[in-house]
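# How does the following fold in three dimensions:
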Amino acid sequence: MRTMRLRIRHNGACHHYPVLPLQRPNFLQPFLKLTAINILSNLLVPIAGLLDMAFLGHLAEIRHLAGVALATVLFNYLYWTFGFLRMSTTGMTAQAVGRDDQSEMMLIGLRHSILALLLGMGIIIFQVPLRQLGFAILSATPEVEAAGQAFYNALIWGAPATLLNFVIIGWFLGRSQSRYVLMLTAINSIANVLLDYWLIVRSGWASTGAGLSTAMSQYLTLGGGLLILSQTVELKQVQFARLWDGSALSTLFTLNRDLMIRTLVLISTFAIFTNLGSSFGSIPLSANALLLQVVTLAAYFIDGIAFATETFAGLFRGQGNHNQLKQLVRLAGGASFLVGILFAIAFMTYPDWLFGQLTVHTQVLTYLKQYVFWLLPVLGFGSIAYMLDGYFLGLTQGKILRQAMMQSVLIGFVPLAVGAWYWQSNHWLWLALSLFMAMRSLSLGARLKHDLNE
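All right, here's what the predicted structure looks like:
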């Protein structure tokens, strides 16, 4: 490595001092490539969802759009709860790649696939009580509920494919094969849109058609994933005698249990935030929804960095490469924070134009501008929290993630959320969300410091 020299004149004399240049991580290019592909894959998901809603929104009866929106809340809870299948598969696979353990790498995929299939079949078997419980909690008019149940009854049959796709995508991410993730996401999105047009517009099946198109696109995606696996995986390398290894199964179930609890708490926090906002009136509810859309949009970009962090953290931990873990945290942390802050500044600087693309209601825009500055702490702290989530997922430290999430909710969110409800203050509500994100960053940051100094 070439050393630069700094020349400084002092009292007429010229002195030369060696200056060590900033070292660029040797994994920078693959990290940025993986991040870019992850972001593109993430962005395909909401685009397909928007087109779904557009087809339903052009039907004569609005109840179909409302019903699907209602049932989607239930499916978000259901599927996000099982998102641990993707997370744990990525981290464990990346560590196996780092150890160059080809057999264990494939056994991780097989174990998670068996678990996903069992859970998917369980959802189908218990679909009636799940539907009754879900729609009992969600309130709507009989017409809207009927449309929502029609969507549910069709979409529920895609549960096994959806959960298996979580595993396949997680496995590819763990192997840094995000190009396959992009291919599968594209298959899912394109198939969903084409099937929507056929079943909703051409066949007139309305909300039932929307559910069927989504379920069918999941099976098409699964078929694409299995085809890729058949061309890239050699089963002869698998030591099937280790499939039911007690220690490995115990690790799998413990990790997934912790991640499931962590995810449930996270989803519930945002649900409580939304429900509290609804008690303030329709305008605050609408304004909060638009601000959360910005948080969600930024998360699609930040998650691209977090997914790459997850992959490389697992790889470096498997290799026992402590120095590169430190470099990874600096690189991913800086990139995540920059993206979060830029999103916040953009919407704070041009609220009329940017939020004007999302709504034409001047009352909502006027009200919203009083709260747009809260994007700065939410996205600033949140960007670091998302990155640290990816780091500890790569290390398969589910217990740390679970404990940090519980602490953040109980200490950072709940007390101020209660105050927001008591004083009916939307500023207090956004302060609660900001402190929730800050606590996530601080609690995970403290564990990060301990991990890197060991």
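# check contacts around the nearest residue to Gly91 once chain neighbours are set aside.
In space, and not counting its chain neighbours, Gly91 is closest to Thr396: 4.3 Å by Cβ to Cβ, 6 or more residues apart in numbering. Heads up, the C-betas are built off the backbone N, CA and C, glycines and all. Going by Cβ atoms under 8 Å, 6 or more residues apart in numbering, Thr396 touches Ser88, Gly91, Met92, Gln95, Thr251, Leu255, Gly314.
# Between all of the residues you listed, which two are separated the most?
Thr251 and Gly314 (13.8 Å; Cβ to Cβ).
# With neighbour numbers in mind, choose between the two.
Set Thr251 next to Gly314 and count neighbours by other Cβ atoms under 10 Å: Gly314 wins out with 28 against 16.
# Now do that one against Ser178, distance only.
14 Å (Cβ to Cβ, to the nearest Å).
# for Thr35, same thing?
9 Å.
# Secondary structure element holding the nearest residue to Leu444 once chain neighbours are set aside?
Leaving aside its chain neighbours, Leu444 sits nearest to Leu388 (3.9 Å; criterion: Cβ to Cβ, 6+ apart). Element membership of Leu388 [criterion: DSSP states H and E] is helix 375-394.
# cool, and Leu222?
With DSSP H and E as the test, Leu222 turns up in helix 206-232.
# Could I get the average pLDDT for that helix?
Average pLDDT, helix 206-232: 95.
# just how off-centre is it within its chain?
Relative to the centre of its chain, helix 206-232 is centred 20 Å away, using Cα atoms, centre = their mean, to the nearest Å.
# Counting by contacts, list what whatever helix or strand comes next after it packs against.
Remark: after helix 206-232, the chain's next helix or strand is helix 246-278, criterion DSSP H and E. On a contact count with 3 or more Cβ pairs under 8 Å, 6 or more residues apart in numbering; DSSP states H and E, helix 246-278 meets helix 63-81, helix 84-99, helix 102-125, helix 282-319, helix 398-407, helix 414-423, helix 426-452.
# among those helices, which is the most enclosed?
Greatest average neighbour count among those goes to helix 84-99 (a mean of 26), per mean count of other Cβ atoms under 10 Å.
# What helices and strands are in contact with that helix?
Here helix 84-99 touches helix 102-125, helix 159-174, helix 246-278, helix 282-319, helix 375-394, going by 3+ Cβ pairs under 8 Å, 6+ apart.
# possible to save the ones you listed as TSV with mean pLDDT?
What follows is these, written out as TSV (pLDDT from 0 to 100):
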stretch	mean pLDDT
helix 102-125	95
helix 159-174	96
helix 246-278	92
helix 282-319	93
helix 375-394	98
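# Dump those helices into CSV; add distance to Ala71 as well.
Shown next, in CSV, are the helices and strands packed on helix 84-99 (distance: least, Cβ to Cβ, whole Å):
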stretch, distance to Ala71
helix 102-125, 14
helix 159-174, 14
helix 246-278, 15
helix 282-319, 18
helix 375-394, 28
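# what's the closest of those helices to Phe151?
Nearest of those (Cβ to Cβ): helix 159-174, 13.8 Å.
# who's in contact with the helix or strand following that closest one?
Downstream of helix 159-174, the first helix or strand assigned by DSSP H and E is helix 178-196. Helix 178-196 has contacts (Cβ under 8 Å, 6+ apart) with 34, 37-38, 40-41, 44-45, 47-48, 51-52, 55, 165, 168-169, 172-173, 209-210, 212-214, 216-218, 220-221, 224-225, 228, 307.
# pull the CA atoms of helix 178-196 into CSV?
Coordinates of the C-alpha atoms in helix 178-196 are reproduced here as CSV (Å, rounded to 0.1, in the frame of the first residue of the first chain):
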residue,chain,number,x,y,z
SER,A,178,-29.4,-11.8,-4.9
ARG,A,179,-29.7,-12.0,-8.7
TYR,A,180,-31.9,-15.0,-8.2
VAL,A,181,-33.9,-13.1,-5.6
LEU,A,182,-34.4,-10.3,-8.2
MET,A,183,-35.5,-12.9,-10.7
LEU,A,184,-38.0,-14.5,-8.3
THR,A,185,-39.4,-11.1,-7.2
ALA,A,186,-39.8,-10.2,-10.9
ILE,A,187,-41.6,-13.5,-11.6
ASN,A,188,-43.9,-12.8,-8.6
SER,A,189,-44.7,-9.2,-9.5
ILE,A,190,-45.2,-9.8,-13.3
ALA,A,191,-47.4,-12.9,-12.7
ASN,A,192,-49.4,-11.1,-10.1
VAL,A,193,-50.2,-8.1,-12.4
LEU,A,194,-51.1,-10.3,-15.4
LEU,A,195,-53.3,-12.6,-13.3
ASP,A,196,-54.9,-9.6,-11.7
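# what comes up buried for it?
Going by neighbour count (16 or more other Cβ atoms under 10 Å), the buried part of helix 178-196 is 178, 180-189, 191-193, 195-196.
# any idea how far Leu78 is from the residue lying closest to Gln127 once chain neighbours are set aside?
If you skip the residues right next to it in sequence, Gln127 has Ile156 as its closest partner in space, 4.8 Å away by Cβ to Cβ, 6+ apart. Here the criterion is Cβ to Cβ. By it, Ile156 lies 9 Å from Leu78.
# Find residues that contact each of these two.
Ile123, Leu130.
# Stretch 359-373: end-to-end distance?
Start and end residues of stretch 359-373 are separated by 19 Å (Cα to Cα, to the nearest Å).
# tell me what the helix holding Leu222 is packed against?
On a contact count with 3+ Cβ pairs under 8 Å, 6+ apart, helix 206-232 meets helix 28-57, helix 63-81, helix 142-155, helix 159-174, helix 178-196.
# any idea of the mean pLDDT in the third one?
With pLDDT averaged residue by residue, helix 142-155 scores 92.
# ok now it, how far from the chain's centre?
26 Å.
# Can you name the residues in contact with it?
63-64, 66-68, 70-71, 74-75, 127, 131, 134-135, 138, 140, 206-212, 214-215.
# Would you mark the buried spots in it?
Val144, Glu145, Ala146, Ala147, Gly148, Gln149, Ala150, Phe151, Tyr152, Asn153, Ala154, Leu155.
# If I take it and helix 28-57, what angle do their directions form?
Interaxial angle, helix 142-155 versus helix 28-57 (axes from the mean of the first three to the mean of the last three Cα atoms, to 10 degrees): 130 degrees.
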